[in-house]
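Q: 3D, please:
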Amino acid sequence: MKAIGIGAFKRTIGNSIKPVIEINVLSDGKWQVSVRSTFKNQEWKFTLGEKTKQKTIDGRTFWITAYFDGDALVEHQETCPEDQNGIPSTIKRYIKDGELVAECIAGGVVAFRYFKKI
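A: Next comes the predicted model:
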């Protein structure tokens, strides 16, 4: 989180929570990702391959393009005029050994977060 410019306070909170993530395909073909926790909730929708402006759960604004690379759902984040200080990053979400893995890549740093199915 430090590599994408998140301050120490938000990093402490982010590391202490255990969010619930739901990924769904809606009837209109759009995808929906919901993140719920005791700290904050967020939901966003996108169409695969289409660039859309989104606000991240920590308040940064990016152009996001989502697509599949093999079995991984990839979310590529690019800076946009509203947030010129944002650091571009990529999040790859995939299933490994029955867990959802979020592989976050930014500024040469790779971090992993693991989620168990409930």
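Q: So Glu82: helix, strand or coil?
A: Of the three states, Glu82 takes helix according to DSSP: H, G, I helix; E, B strand; the rest coil.
Q: list the contacts for the nearest residue to it once chain neighbours are set aside?
A: Closest residue in space to Glu82, ignoring its immediate chain neighbours: Thr61 at 4.5 Å, by C-beta to C-beta, 6 or more residues apart in numbering. C-betas here are computed from N, CA, C, even on glycine. Contacts here follow C-beta atoms under 8 Å, 6 or more residues apart in numbering; on that basis Thr61 touches 53-55, 80, 82-83, 86.
Q: Throw together a PyMOL command that grabs the buried residues out of the residues you listed.
A: Here the buried members of the contacts of Thr61 are turned into a PyMOL selection, burial being counted by 16 or more other C-beta atoms under 10 Å:
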select buried, resi 54+80+83+86
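Q: what's the next secondary structure element after the lowest-mean-pLDDT helix or strand in the chain?
A: Using mean pLDDT, DSSP states H and E, the weakest-scoring helix or strand in the chain turns out to be helix 8-16, at a mean of 64. Sequence order places strand 20-25 as the next helix or strand after helix 8-16, per DSSP states H and E.
Q: Now do that following strand: which elements does it pack against?
A: The contact analysis (3 or more C-beta pairs under 8 Å, 6 or more residues apart in numbering; DSSP states H and E) places strand 20-25 against strand 31-36.
Q: I figured Ile87 hits Ala106, correct?
A: Yes - contact criterion C-beta atoms under 8 Å: Ile87 and Ala106 qualify, at 5.5 Å.
Q: Please identify the one among the contacts of Thr61 that lies nearest to Val33.
A: The shortest gap between Val33 and any of those belongs to Gln54, at 9.8 Å (C-beta to C-beta).
Q: That closest one contacts Lys45, correct?
A: No - the pair Gln54 and Lys45 fails to qualify as a contact (C-beta under 8 Å) at a distance of 9.1 Å.
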